[in-house]
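Engineer: sharing a model prediction with you, sequence too.
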Amino acid sequence: MKADNRQEKRIILNKLVESGINVTPSTLDFILKMDDPIKDLNSIIKETSFIPTFNGHLTQDILKKISDEKIQKILKRTIIEDNLFTLEQELNTKDISIDNKTTYDNKREVGEMQLHVSEVSENPIIPENVVKSKLQISQDIEHAIIPSNSDLKNNKKAKPIESAKTSFGFRPIAKEFSSNYKILKDPTGKLYTSGEYEDFYDLTLDKFNKLQNLMKKRSEVHSANNIKNITRLTNKSDISAIGMVKDIRTTKNGNYFLVLEDLTGTISVIIRKNLENQDNSKIIERIISDQLIYVEGAYNPGEKGNNGVVYANYVSKIDIPTDHQPNRSQEPLSIALISDVHIGSREFEESLWNKFIDFLNGKVGNKNLREIAGKIKYIIINGDLVDGIGVYPNQQDDLVISNIYNQFKKASELISKIPPYIKIFYSPGNHDPVRTAIPRPAVSKKYCEELLNIGVECIGNPSLIQTDGVNTLVFHGDSLFDMNMLIPELDNNKPVDTMKEMLICRHLAPIYGKKTQIAPTNKDWLVIDKIPDIFHTGHIHINGIGQYRNIFLVNSGCFQAQTDYMKSFGINPTPGIVPIVELDTFRCVELDLKKNN
């Protein structure tokens, strides 16, 4: 039992003792299940004083005589739930006795949806085997007979329940915990720019200073000198330097020629393609403009007024420390990570969304699946909740809701069906009604007021959210396409590899320009200055999970089937796969809403 529950129980018992009332354990459990136990207890104490037969011993029979309609409704609901729970226990016992040949420690039983279970490790994540239930509990439940209170009292035959898809015995543990979150980083209200030259300069300067400070935390770079001091050398010397890549190209011999710059000047660097260190070679192959790197090598001063050159033998990026340890929650709670819902699109997979809602409400699957659903305390919607208007050419042909306000009205209707104890965060993408350039502020209240009214937390992009002590970096992922086009071996179908590269660069959009629009603000919000525990992207519509140096990586797929526009990019989306990460263990369950047994 949670500490808050124990405290509540103590207060209730003290109140009853002070009133001279004894209570049975089952009645005490009933009181604790009420919406506001302490407040409702006062009503119970008051009501019992009007019952002539009450002798100071509070039982459920006494509660049935109370005239308060609210208490009677709660009492009826609790008795029904207890009956359902008892029946479910009997059915689950039957199921497990048949399935004893299965090793439950190593396999996951599934109901109506397929699950893949993974944990963080340095090795590639391989989903565990998926085992189908040999006994369909839902079929047994469909024919089960649950008596109502009036049926029990009048000895009537009860009616079968209507469907197997009910929240049988669904007692979500997440409901017992209060939301515990902080928005650690959010650009909303802080994105000031005039578009003048000074804004571009300030952005670049802030980016350089932040990345340089991160690089200087590495012990090996403490001897690095500024470029101006290096170019003053008149003799060949071993040097080290930190600089931003201003230009990069390959020579006719296949070597790399680049120009580094810092706040003091620029210098040319040549890196041989045949370096013995393979890790070094891989880093070099993935260097692009505007990245900060560290080089070591021999400086050859120029002759007759020519500039000198550094022949580098070692190159590195900022990267994540190898000893990084993630934060973990102290509570057994989970977070579901979704993006690219695209409500309003003709290709919006509403049936998959409805399955997701049923799952969250404990209406699908067996006990294991409902247990997973019951641990979800937080949901992050990482951009493109709606399909928007005029985002790409001829988009109107792909829309079933062509008004942005109506798209959000539909969105609020769908989201309102999520259990109210789950905290929802919504960060915008390029289809939402905010500016195209990143970083983006939260969606304006004039569009999403109904979402705000049901408790959705609207934040900017990127943002850093702390939930029960675990930090999640939320970035829609606009720069994924650019990086995949510029860096060999990166692929739209493997978003996790691109996410790793962002972490290595410690920047969400390492190259300025290309197709990724970046607003010239005086502060660079795209620097990954605080190491996250979970890194969450979307945009590319391809589901993927992985990890890098103990950071859990999730690209959350979508709820939209392939459009002609996606087809033009060669994207074959993976709709309806929802990653659910346990905040205390970092085990990830991939809920595939398309898989039916």
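Structural biologist: Structure's in. What do you need?
Engineer: remind me what the helix or strand containing Glu449 packs against, helices and strands.
Structural biologist: In the assignment (DSSP states H and E), Glu449 maps to helix 445-453. Using 3 or more CB pairs under 8 Å, 6 or more residues apart in numbering; DSSP states H and E, the elements in contact with helix 445-453 are helix 404-415, strand 457-458. For the C-beta atoms, the positions are set from N, CA and C on the backbone; glycine is no exception.
Engineer: now with 6 Å?
Structural biologist: Under the contact definition 3 or more CB pairs under 6 Å, 6 or more residues apart in numbering; DSSP states H and E, helix 445-453 sits against helix 404-415.
Engineer: report the buried residues of the helix it packs on.
Structural biologist: Burial within helix 404-415, assessed by neighbour count using 16 or more other CB atoms under 10 Å, is assigned to Ile404, Gln407, Phe408, Lys410, Ala411, Ser412, Leu414, Ile415.
Engineer: got the buried residues for the helix holding Glu449?
Structural biologist: Going by 16+ other CB under 10 Å, helix 445-453 has these buried residues: Tyr447, Cys448, Glu450, Leu451.
Engineer: what do you get for stretch 573-590?
Structural biologist: 573-584, 586, 588-590.
Engineer: any stretches of the stretch 301-450 of the chain with poor pLDDT?
Structural biologist: For the stretch 301-450 of the chain, the stretches with pLDDT under 70 are 304-305.
Engineer: residue closest to the middle of the protein?
Structural biologist: Residue closest to the average C-alpha location in the chain (CA atoms, centre = their mean): Leu337, at 3.4 Å.
Engineer: identify the residues contacting it.
Structural biologist: Residues near Leu337 by CB atoms under 6 Å, 6 or more residues apart in numbering: Ile380, His536, Val554, Ser556, Pro579.
Engineer: restricted to helices, list these.
Structural biologist: Of the contacts of Leu337, none are assigned to helices by DSSP state H.
Engineer: lowest-confidence one in these?
Structural biologist: Within those, pLDDT reaches its minimum at Ser556, with 93.
Engineer: check contacts around that one.
Structural biologist: Ser556 neighbours (CB under 6 Å, 6+ apart): Leu337, Ile338, Ser339, Gly538, Pro579.
Engineer: reformat the residues you listed as CSV; add secondary structure and distance to Ile459.
Structural biologist: Below are the contacts of Ser556 laid out as CSV (DSSP: H, G, I helix; E, B strand; the rest coil; distance: CB to CB, whole Å):
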residue, secondary structure, distance to Ile459
Leu337, strand, 14
Ile338, strand, 15
Ser339, coil, 14
Gly538, coil, 14
Pro579, strand, 19
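Engineer: which strand in this structure runs the most residues?
Structural biologist: The single longest strand within the chain, with elements called by DSSP state E, is strand 237-250.
Engineer: just the closest of the contacts of Leu337 to Lys217, please.
Structural biologist: Nearest to Lys217, judged by CB to CB, of these is His536 at 24.6 Å.
Engineer: what's around the closest one, how many residues?
Structural biologist: When neighbours are defined as other CB atoms under 10 Å, His536 has 28 of them.
Engineer: so how far is the strand or helix carrying Asp358 from its chain's centroid?
Structural biologist: If you go by DSSP H and E, Asp358 is part of helix 350-360. Centroid separation between helix 350-360 and its chain, computed with CA atoms, centre = their mean, to the nearest Å, is 18 Å.
Engineer: please enumerate the strands of the stretch 101-250 of the chain.
Structural biologist: 108-110, 114-118, 130-132, 181-185, 237-250 (DSSP state E, counting those that start in this stretch).
Engineer: least reliable of those strands going by mean pLDDT?
Structural biologist: Taking the mean pLDDT of the strands of the stretch 101-250 of the chain, strand 130-132 comes last: a mean of 28.
Engineer: domains in this structure, by residue range?
Structural biologist: Following automatic domain parsing, one gets these domains for the chain: 219-316, 330-592.
Engineer: could you dump those to TSV with distance to Asp61?
Structural biologist: Shown next, in TSV, are these (distance: least, CB to CB, whole Å):
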stretch	distance to Asp61
domain 219-316	73
domain 330-592	30
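Engineer: out of those domains, the one nearest Leu205 is which?
Structural biologist: Short answer: domain 219-316, nearest of the domains of the chain by CB to CB, at 7.9 Å.
Engineer: residue boundaries of the helices in the stretch 451-597 of the chain?
Structural biologist: For the stretch 451-597 of the chain, the helices defined by DSSP state H, counting those that start in this stretch occupy 480-486, 495-505, 564-568.
Engineer: comparing those helices, which comes out most buried?
Structural biologist: A comparison of these by mean neighbour count, using mean count of other CB atoms under 10 Å, puts helix 495-505 on top with a mean of 23.
Engineer: what about that one, distance to the chain center?
Structural biologist: For helix 495-505, the distance to the chain centre is 16 Å (CA atoms, centre = their mean).
Engineer: how about stretch 272-292?
Structural biologist: Between the centre of stretch 272-292 and the centre of its chain there are 32 Å (CA atoms, centre = their mean).
Engineer: appreciated, that's everything.
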